[in-house]
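Turn this into a structure:
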Amino acid sequence: MRTAVLGGVFDPPHLGHVALAEGALNELEADRLLVLVVANPGHKPTELDPETRLELARLAFGRLPRTEIRSDDHAYTVDLLRDEPFEDAVLVIGADEWAAFETWKEPAEILRLIPVAVARRPGQPEPQGDVEVFAIDQLPISSREIRERIEAGAPIDDLVPAAVAREIERRRLYGGAHG
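The predicted structure follows:
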């Protein structure tokens, strides 16, 4: 049973993340998708606490088939892979993350521990390296852009799943007038 592993901060999760997850399920012949919300990432601060980001991730990915969403207490991917070896699994990342992969903690060790699949958007160059490549349709969206729009009171409905937008507004997350 092949597992696609998709980790991230998801602060907040957006339609680009969902496209990546759907692509992993559809293009990589994965039997299941494991979405890991990094509780305390070692590489960047988060706006929201781990529990709230996990709730938003469940709203974003919960309708996908064969998908499990849970928290990951490891600060770095390599530490997760050492503590929790995955059999017949593939680590799923976007092309933007692959471009920065050499800056990750122990990238060569990650590649030794698990195969990597890189999602390429239309119009992007083919990712180079010992990776599996799959194509996805995706708008260029960043979580930072979403947070900035919320602060400015601008709508985010075209950037995040509807359930995520409703929860951000309902709980007034990210300090905006509308969210």
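
check contacts around Gln124.
Under the criterion of C-beta atoms under 8 Å, 6 or more residues apart in numbering, the contact list for Gln124 reads Ala95. C-beta: built from backbone N, CA, C; applies to glycine.

Could you check the pLDDT of it?
With respect to pLDDT, Gln124 scores 72.

for it, phi and psi?
The phi and psi torsions at Gln124 (degrees, to the nearest 10) take the values phi -90, psi 150.

Next one: it relative to Leu91, how far apart?
Distance check for Gln124 against Leu91: by C-beta to C-beta, to the nearest Å, it reads 19 Å.

for Ile141, same thing?
Applying C-beta to C-beta to Ile141 and Leu91 gives a distance of 21 Å.

Any regions of the chain where pLDDT drops low?
138, 176-179 (pLDDT under 70).

now the helices for it?
Secondary structure of the chain by DSSP state H: the helices cover 15-27, 50-61, 77-83, 95-99, 107-113, 143-151, 162-171.

As JSON lines, these with distance to Lys44 and mean neighbour count would be great.
As requested, these are exported to JSON lines (distance: least, C-beta to C-beta, whole Å; neighbours: other C-beta atoms under 10 Å):
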{"stretch": "helix 15-27", "distance to Lys44": "16", "mean neighbour count": "21"}
{"stretch": "helix 50-61", "distance to Lys44": "13", "mean neighbour count": "20"}
{"stretch": "helix 77-83", "distance to Lys44": "13", "mean neighbour count": "18"}
{"stretch": "helix 95-99", "distance to Lys44": "12", "mean neighbour count": "17"}
{"stretch": "helix 107-113", "distance to Lys44": "17", "mean neighbour count": "15"}
{"stretch": "helix 143-151", "distance to Lys44": "10", "mean neighbour count": "18"}
{"stretch": "helix 162-171", "distance to Lys44": "20", "mean neighbour count": "17"}
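
Ok, which of these comes nearest Val131?
helix 95-99 (6.9 Å; C-beta to C-beta).

thinking again about what came up before, which one's more surrounded, Ile141 and Leu91?
Here Ile141 and Leu91 are compared on neighbour count by other C-beta atoms under 10 Å; more neighbours surround Leu91, at 25 against 17.

ok, that one touching Val118?
No. Assessed by C-beta atoms under 8 Å, Leu91 is found out of contact with Val118, at 9.5 Å.

List the buried residues in stretch 119-129.
Residues 119-121, 124, 127 are the ones in stretch 119-129 that count as buried (16 or more other C-beta atoms under 10 Å).

Please name the bridge partners of the residue minimising distance to the centre of the chain.
The chain has Gly8 as the residue nearest its centroid, 4.2 Å off, counting by C-alpha atoms, centre = their mean. Beta bridges link Gly8 to Val37 when assigned by DSSP bridges.
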